[in-house]
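Participant: A structural model of the following input is requested.
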Amino acid sequence: MLGHNIKYSSSLDDKQLIKIAKKEHRILLTRDLNLYQQAVIQGADAFLVEGSTEPEKLANLAKKFNLKLEIDVAASRCPKCNTRIKPISREKAIGKVPKTTSSFYDKFWECPSCGQIYWQGAHWGRIRRTLEQAKQTSEPQ
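Facilitator: The predicted structure follows:
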């Protein structure tokens, strides 16, 4: 959602994750110390994500990689398939989202690759709070 080109999988094993990170020149983010150590030993770029809460984890990533913890929908990517999402009209969203959603919200985005529709629903407040908490945590004291 923050606009970064990412790849996520919970179904690949450690060997496959390291291979992809090296082949595609990606940074392997993990909370698994063993995976992190193996990646580093094998020459992959890796970062051990530490923190006990989501805001702490995000804050650590923001510090390490100088990330801006703000959502710019123009740069956002689909969390499902990583394609940049595009704005669509409410009319185009009707029939693809619940009826109450299309009557309460005006702005919609669609993933041109997988067809997933997005809008700034109730979850948006939680996302913004998490990002704000992460910003506060990542600021120098």
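
Participant: can you pull the contacts of the residue lying closest to residue 138 once chain neighbours are set aside?
Facilitator: Leaving aside its sequence neighbours, residue 138 sits nearest to residue 59 (C-beta to C-beta, 6 or more residues apart in numbering; 3.8 Å). All C-beta spots, glycine's among them, are computed from the backbone N, C-alpha and C. Counting by C-beta atoms under 8 Å, 6 or more residues apart in numbering, residue 59 touches 51, 134, 135, 137, 138.

Participant: doesn't residue 59 lie inside a helix?
Facilitator: Yes: Residue 59 forms part of a helix when assessed by DSSP: H, G, I helix; E, B strand; the rest coil.

Participant: next one: it from residue 136, what distance?
Facilitator: 8 Å (C-beta to C-beta, to the nearest Å).

Participant: equivalent analysis for residue 66, please.
Facilitator: 17 Å.

Participant: so these two - more neighbours on which side?
Facilitator: residue 136 (11 against 7; other C-beta atoms under 10 Å).

Participant: ok, and the more buried one, which helix or strand is that part of?
Facilitator: helix 122-138 (DSSP states H and E).

Participant: and residue 80, by the same measure?
Facilitator: Residue 80 belongs to no helix or strand, assigned by DSSP H and E.

Participant: rewinding a little: and the pLDDT at the residue nearest to residue 138?
Facilitator: Note on residue 59: pLDDT of 94.
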